[in-house]
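A.B. asks: A predicted structure for the sequence below; I have some questions about it.
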Amino acid sequence: MKTFFWLVAKALLAMGNATGFTYNEINIIVFYGIIPLIYAIMIDKILRRWVVTPLYSLIIIGVVILTDFGAFCDWFFGVNANFLSAFGLMGIDYIVASVVICIIIPLIVGLALFRFSYWPVVKRLIKRSKEKRQHNHTTKPVPPSET
């Protein structure tokens, strides 16, 4: 768990360095911006209408426009760190809580949403690809005509 935690932390630091965002900012952007936005898109795909994505996008735009984004991210990161530290009362350290709450659970949720939103599309594409390959293997090439 510690290794995985530090790999994710280093990846976030690298993203922050590459984009000019602080660690706290990139953490909030990824875990409260990008990942939930992907969930919203998949939920809308399941619902077959755009409802969640536009609403969530408005919330994100509001936070960016109406707050001092850096200060907001520092504050919100602190709130999250306190939440994850509170698992210590149950004997779960910060690193384990971080990996479970921030990585494993979102991954399970994302896979479940993917299963109901885009997996049918993937299955159709795989089926078409197999049918096309079968068709290509069963048809004999026609030699060029001699004229």
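C.D. replies: In hand now; what should we look at?
A.B. asks: residue nearest the centroid of this structure?
C.D. replies: Ile35 (3.7 Å; CA atoms, centre = their mean).
A.B. asks: Return the distance of the helix or strand encompassing it from the chain's centre.
C.D. replies: In this structure, Ile35 sits in helix 35-47 according to DSSP states H and E. Chain-centre distance of helix 35-47: 10 Å, with CA atoms, centre = their mean, to the nearest Å.
A.B. asks: same question, stretch 37-49
C.D. replies: 13 Å.
A.B. asks: do stretch 92-103 as well
C.D. replies: Centroid separation for stretch 92-103 versus its chain: 17 Å, with CA atoms, centre = their mean.
A.B. asks: Where does the prediction get shaky in this structure?
C.D. replies: For the chain, the stretches flagged by pLDDT under 70 are 137-143, 145-147.
A.B. asks: mind running it again at 90?
C.D. replies: Low-confidence segments of the chain (pLDDT under 90): 1, 118-147.
A.B. asks: Going along the chain, name the strands of it.
C.D. replies: In the chain, no segments count as strands under DSSP state E.
A.B. asks: what about the helices in it?
C.D. replies: For the chain, applying DSSP state H gives helices covering 2-19, 23-29, 35-47, 52-66, 69-85, 94-99, 105-117, 119-138.
A.B. asks: Single out the most deeply packed of these.
C.D. replies: Neighbour counts (mean count of other CB atoms under 10 Å) averaged over each of the helices of the chain peak at helix 23-29, with a mean of 21. Heads up, the C-betas are built off the backbone N, CA and C, glycines and all.
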